[in-house]
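*Asks:* Predicted model and sequence follow; I will ask about them next.
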Amino acid sequence: MLLKGKKALIMGVANKRSIAWGIATCFHREGAELAFTYQNERLRENVAELVAELPGGENIPLLPCDVTSDDQITEVFHELAERWGELHVLVHSLAYAEKEDLNRAFVDISRRGFGIALEISAYSLIPVARRAKPLMEKAGGGSIMTLTYNAVERVVPSYNVMAVAKAALECEVRYLAAELGPSNIRVNAISAGPLKTLAASAVRGLSRFRDIVEEKAPLRRNITQEEVGDVAVFLASDLSRAVTGNTIFVDSGFHIMGLVD
Ligand code: NAD
C-alpha cells in the first residue's frame, strides 16, 4: 500500500489499453484515491465502464477535460479543490498529432499540424501543472509525471512531429521541476517502450518497432502497461522523494543501444 492516503488525478484514459489505465490500476492496487479526466463525451462511456470495475468505482470523480480548453482545465481543478482540497499526484498521459503529420516526410510537416501536436502533447503539461500547484502545496508537496518516448534523442522513422513534441515535453519537465521544487513538487517523465494503444496505432510501423525491441533490447522482450504502472507508483510514492526532473526509461533497456544488428 505504497500510495495509501494519496489523491491522484489521472489524465489520458481512452480504453483499457491506455498507459494511463495501466497506471491507474497500479495506483488503485497501492491504495491511492483516484479521479479521472476524459477527453470528450465519446470517450466518457469507456472511462466510466472501466472505472466502474474498480472496487468503490461509483464514487470516483470523472471530469471532462479537453486540454485545448483552458476553461475545462480550470474546471477540473476547481472541482478537485471542492472535493478533495488537496492533490498529491498528477498523471499526464496524453498526446495527439494529425495522422498525416506522422506519416508524411519530416520536411513536409505542416505549420498547422506542428501547432496542434505541440499544443496538445507538450504545452498541456504547463497549464495542468499551474492549476495543480496550489492543491499540491496544500498537500505539502506532490508528484507530477508525464509520458514520453525516446524518439527525442534518436530518430525513429514515422515519429516525426511527435518526436519534436516529446522533446519539448521533456524540456518542460526540467523547467517545471526546477521551478516547483521549492514547493516540494516533483516533476518527472516516464519514457516507455512501444505498446499497442490507440495513440500508437497512428504511428506507422509500430509492430515492427515491437519486433525490434523483442529481438534487440537488453531484456529481449517488450514491456507491459503494468511495468509502466509500477514505475509510476514509485514516482508517485515517497520512495522517490528525492527524484525530480528525470526521464526514467521503461523500455527493456533499448535506449542504451547505439546500434542494433
Ligand atoms: P491512448 O490513445 O490510450 O492515450 C492517449 C490519450 O490522449 C487518450 O486518452 C486521448 O483521449 C488523450 N488526448 C488526446 N488529445 C487530447 C486532448 N485534446 N485533450 C485531452 N486528452 C487528449 O495511448 P497511450 O499510448 O496510452 O498514450 C499515452 C501517452 O503515452 C502519450 O503521451 C503517448 O505519447 C505516450 N507514450 C506511448 C507509447 C506507446 O507506445 N503507446 C510509448 C511511449 C509514450
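*Replies:* Done, it's in.
*Asks:* The ligand contacts on this structure?
*Replies:* Residues of the chain found near the ligand (C-beta under 6 Å from any ligand atom) are 12-14, 18-20, 39, 43, 65-68, 93-96, 120, 147-149, 192, 194-195, 197-200. Where you see a C-beta, it was placed from the backbone N, CA and C, and this is true even at glycine.
*Asks:* Go through those residues and flag which are in helices.
*Replies:* Judged by DSSP state H, helices contain the following of the residues of the chain next to the ligand: 19-20, 43.
*Asks:* Using neighbour counts, trim the residues of the chain next to the ligand to the buried set.
*Replies:* Those of the residues of the chain next to the ligand that meet the buried threshold are 12-14, 18-20, 39, 43, 65, 67, 93-96, 120, 147-149, 192, 194-195, 197, 199-200, by 16 or more other C-beta atoms under 10 Å.
*Asks:* could you pull out the helices for the chain?
*Replies:* 19-29, 41-53, 70-83, 99-103, 111-118, 125-138, 160-180, 206-216, 225-236.
*Asks:* could you dump the ones in helices among the residues of the chain next to the ligand to TSV with distance to F234?
*Replies:* Below are these laid out as TSV (distance: C-beta to C-beta, whole Å):
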residue	distance to F234
I19	15
A20	17
L43	28
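*Asks:* ok, those residues vs G142, which is closest?
*Replies:* A20 (17.5 Å; C-beta to C-beta).
*Asks:* State the distance from the closest one to T37.
*Replies:* Here the criterion is C-beta to C-beta, to the nearest Å. By it, A20 lies 9 Å from T37.
*Asks:* Pull up the overlap in contacts between those two.
*Replies:* Common neighbours of A20 and T37, counting by C-beta atoms under 8 Å, 6 or more residues apart in numbering, are 10-12.
*Asks:* right, and A189 touches C171 too?
*Replies:* No: using C-beta atoms under 8 Å, A189 is not in contact with C171; the gap is 10.1 Å.
*Asks:* Give me the more crowded residue out of those two.
*Replies:* Neighbours per residue (other C-beta atoms under 10 Å) separate A189 from C171, with A189 holding more: 27 against 12.
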